[in-house]
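Colleague: Build me a model from this:
(one chain, ligands or ions: 3)
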Amino acid sequence: MPTAYLSLGSNMGNGQAHLRDAIAQLGSHGEVSAISSCYETEPVEFTEQDWFLNCAVALETDESPSQLMASLLQIEENLGRRRVQQKGPRTIDIDILLFGDLIVNTPELTIPHPGMAKRRFVLQPLAEIAPDLRHPLLGKTAQEMLNSLPPGQVVRKTHARIFTDNNS
Ligand code: PH2
Ligand code: MG
Ligand code: MG
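Modeller: Ligands and ions are numbered 1, 2, ... in the order given. Below is the predicted model:
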């Protein structure tokens, strides 16, 4: 089964609960095989908003990339996401970073995620669970991408543990 790597983020309400509930619901779409620590992260791109909690998850799934995308949108809606402002505050955002070695370019979906190599809030959690995972277009591993980021973008590991049926 292919492994999808996902980035999860929340900056509205109880972020830790939203990450935990999203991961629990991911369990209906495959097997959650790794969960990173929870990180407190400075907002990037749209900076006038609260800090985020971010984590990364590995999901072994039978769903196709577009089926998985639809599943993630459904989970976001279940957890109360309302699309008010692009890149603005959200209860939960779940993005597909990588899906095995697949490259997908459709109007609805781009894999690998086009922003991932520039985002410390993505790469630090990802490198924690899969340091040797290789980006199929850039040829660099998660750890190498993280190491080559310019300084900036504060990302701090929190003590929060995400307990789910998968890792408790
Ligand atoms: N998501 C964004 C834009 N900016 N910043 C942080 N720190 N974490 C995010 O998850 C995030 C962001 C758009 O999806
Ligand atoms: Mg996003
Ligand atoms: Mg998204």
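
Colleague: Get me the contact residues on the protein for ligand 3.
Modeller: Asp93, Asp95 (C-beta under 5 Å from the ion). In this view, the C-beta of every residue, glycine as well, is placed from N, C-alpha and C.

Colleague: Which residue lies nearest the spatial centre of the chain?
Modeller: For the chain, the residue nearest the mean C-alpha position is Ser7 (0.3 Å; C-alpha atoms, centre = their mean).

Colleague: Give me the phi and psi for that residue.
Modeller: Phi and psi for Ser7, reported as degrees, to the nearest 10, are phi -110, psi 130.

Colleague: start the count at 21, not 1, going forward
Modeller: Sure, I'll start counting at 21 from here, so that last one is Ser27.

Colleague: Contacts only, for it.
Modeller: 74-76, 113-115, 117, 133, 136, 141-142, 145-146 (C-beta atoms under 8 Å, 6 or more residues apart in numbering).

Colleague: Save those as TSV, and put in distance to ligand 1 and secondary structure too.
Modeller: What follows is the contacts of Ser27, written out as TSV (distance: C-beta to the nearest ligand atom, whole Å; DSSP: H, G, I helix; E, B strand; the rest coil):
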residue	distance to ligand 1	secondary structure
Asn74	5	strand
Cys75	10	strand
Ala76	11	strand
Asp113	5	strand
Ile114	10	strand
Asp115	7	strand
Leu117	12	strand
His133	10	coil
Met136	11	helix
Phe141	4	helix
Val142	8	helix
Pro145	10	helix
Leu146	12	helix
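
Colleague: I'd like these as CSV, with pLDDT appended.
Modeller: Shown next, in CSV, are those (pLDDT from 0 to 100):
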residue, pLDDT
Asn74, 97
Cys75, 98
Ala76, 98
Asp113, 96
Ile114, 97
Asp115, 98
Leu117, 98
His133, 98
Met136, 98
Phe141, 98
Val142, 98
Pro145, 98
Leu146, 98
